[in-house]
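1. what would the 3D arrangement of this be:
(2 chains)
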There are 2 protein chains.
Amino acid sequence: GAPPGGPGFGGQQQDPLYGYFSAVAGQDGQISPDELQQCLTQSNFSGSYKPFNLETCRLMINMLDRDMSCTMGFNEFKELVTVLNGWKQHFMTMDRDRSGTVDPQEMQQAVNSMGYRLSPQAMNCIVKRFSSQGKITFDDYVACCVKLRTLTDLFKKRDQAGQGVAAFPYDEFIQCIMSA
Amino acid sequence: GAPPGGPGFGGQQQDPLYGYFSAVAGQDGQISPDELQQCLTQSNFSGSYKPFNLETCRLMINMLDRDMSCTMGFNEFKELVTVLNGWKQHFMTMDRDRSGTVDPQEMQQAVNSMGYRLSPQAMNCIVKRFSSQGKITFDDYVACCVKLRTLTDLFKKRDQAGQGVAAFPYDEFIQCIMSA
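-> So this is what the prediction gives:
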């Protein structure tokens, strides 16, 4: 029979990721933050690192949520997994002693190497926000990468001339930040 | 002997709140998000509602953090408790059946009554962000109030002419949103 989500998903039945996705997606072929959490936990995405918390999963969905539905279809899920794999690879390279955490300085180098050009003050805000007891876990690191990407995308949409300054009407400011 | 935090705190020793504060603040007279969480839990601020989670406490500190230290002194703590008491009163008025949660519609009315003028779309983002299974707990409600106030303050600082539009350079956008 056809997999949940309709005939459009037919060709993807062979994709090993599709098994994990369809097990939680149900009839509508969309997953919510708690279903994404289940999915990434069951597929053991984090490996020896702790599974993602619900807030990180909410941020992940919003990062790719072009239709503002707060849910995620299979194509976006595949895109997410590709991005997550890149970040995981990078994190494991930094976490040489497999302690499960990296230092603020390593996090800053990682952010730089992703191409973000930020002042020491902004870096400081980021590190304070995503570290606890001076260390950054894999979950925190991914939450940081997701949030930075989401906010930068939002900014660029409002700075199409590339001037480095974006203007927000109040209502849109609240809308986009509340969902970022 | 002088209380922790130096002689400036002398007159506040009689304040019942000061006992809770000083028990966690230590030598520097400042509290971090986890210390604020301890403090509000030990003083049983939430009463029959669940204690605040760490993220809500982080948001509370940032709301009043004028020196960007990510910590809170006793004067700010007193100010916070006053604001929190108002929100708690309001929440208890809405939560007539003492179920511990309110409906999205009640939350929207509360946000309106605080003077925020937001579109249905922005209200929708807020409700989606702060509800789970269609209900809003006291913790979520406070997190929402804190975040709305912090973002609105940030916006107003960049819209001093009151035009309803604020312009952010990229680096400051990242800085202020990451700490909001």
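2. so which residues on chain A come close to chain B?
-> A:55, A:58, A:68, A:70, A:118-119, A:121-122, A:125-126, A:128-129, A:147-148, A:151-152, A:155, A:159, A:164-175, A:177-180 (C-beta under 8 Å from any C-beta of the partner chain). Using the backbone N, CA and C atoms, a C-beta is placed for each residue, glycine as well.
3. buried ones among these?
-> Buried residues within the residues of chain A next to chain B, defined by neighbour count using 16 or more other C-beta atoms under 10 Å in any protein chain shown: A:58, A:70, A:118, A:122, A:125-126, A:128-129, A:147-148, A:151-152, A:155, A:159, A:166, A:168, A:170-175, A:177-180.
4. now the angle between helix B:170-179 and the helix or strand containing A:Asp171, please.
-> Per DSSP states H and E, A:Asp171 falls inside helix A:170-179. For helix A:170-179 against helix B:170-179, the angle by axes from the mean of the first three to the mean of the last three C-alpha atoms, to 10 degrees is 60 degrees.
5. can you show me the CA trace of helix A:170-179 as CSV?
-> Taking C-alpha atoms only, helix A:170-179 is exported to CSV below (Å, rounded to 0.1, in the frame of the first residue of the first chain):
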residue,chain,number,x,y,z
TYR,A,170,7.1,46.1,15.4
ASP,A,171,4.6,43.4,14.6
GLU,A,172,6.9,41.5,12.3
PHE,A,173,9.8,41.9,14.7
ILE,A,174,7.7,40.1,17.4
GLN,A,175,6.4,37.5,14.9
CYS,A,176,9.8,36.5,13.6
ILE,A,177,11.7,36.5,16.8
MET,A,178,9.0,34.6,18.7
SER,A,179,9.1,31.9,16.1
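6. elements contacting that helix?
-> For helix A:170-179, the elements it packs on are helix B:120-130, helix B:138-157, strand B:165-169, judged by 3 or more C-beta pairs under 8 Å, 6 or more residues apart in numbering or on different chains; DSSP states H and E.
7. and those, which one is worst for confidence?
-> Note on these: lowest mean pLDDT is at helix B:120-130, with a mean of 91.
8. is that helix up against chain A anywhere?
-> Yes: legend: contact between helix B:120-130 and chain A by C-beta under 8 Å from any C-beta is shown at B:121-122, B:125-126, B:128-129.
9. and stretch A:100-111, which residues are buried?
-> Buried residues in stretch A:100-111, counting neighbours by 16+ other C-beta under 10 Å, are found at A:101-104, A:106-108, A:110-111.
10. sec struct for A:Ile136, please.
-> Applying DSSP: H, G, I helix; E, B strand; the rest coil to A:Ile136 yields a three-state assignment of strand.
11. quick one: it from A:Val146, how far?
-> Counting by C-beta to C-beta, to the nearest Å, the gap from A:Ile136 to A:Val146 is 14 Å.
12. ok, A:Asp97 next?
-> Distance of A:Asp97 to A:Val146, given as C-beta to C-beta: 25 Å.
13. who has more neighbours out of the two?
-> Taking neighbours as other C-beta atoms under 10 Å in any protein chain shown, A:Asp97 and A:Val146 compare with A:Val146 leading, 25 against 6.
14. ok, the more buried one to A:Tyr20 distance?
-> From A:Val146 to A:Tyr20 the distance is 19 Å (C-beta to C-beta).
15. what residue ranges in chain A score low on pLDDT?
-> Applying pLDDT under 70 to chain A flags residues A:1-14.
16. let's see that with 80 instead.
-> Residue ranges of chain A with pLDDT under 80: A:1-14, A:66-69.
17. count the neighbours of A:Tyr18 for me.
-> 19.
18. ok, it touching A:Phe74?
-> Yes: here A:Tyr18 reaches A:Phe74: they are 6.7 Å apart, a contact under C-beta atoms under 8 Å.
19. off-centre distance for the helix or strand containing A:Gln105?
-> Using DSSP H and E, A:Gln105 sits in helix A:104-113. Helix A:104-113 has its average C-alpha position 17 Å from the chain's average C-alpha position, going by C-alpha atoms, centre = their mean, to the nearest Å.
20. just the CA trace of it, in CSV.
-> The C-alpha trace of helix A:104-113 is given here as CSV (Å, rounded to 0.1, in the frame of the first residue of the first chain):
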residue,chain,number,x,y,z
PRO,A,104,33.8,28.4,24.4
GLN,A,105,36.9,29.1,22.3
GLU,A,106,36.3,26.0,20.1
MET,A,107,32.7,27.1,19.7
GLN,A,108,33.8,30.6,18.6
GLN,A,109,36.2,29.1,16.1
ALA,A,110,33.4,26.9,14.8
VAL,A,111,31.1,29.9,14.4
ASN,A,112,33.8,31.7,12.5
SER,A,113,34.5,28.8,10.3
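21. nice, that's everything, thank you.
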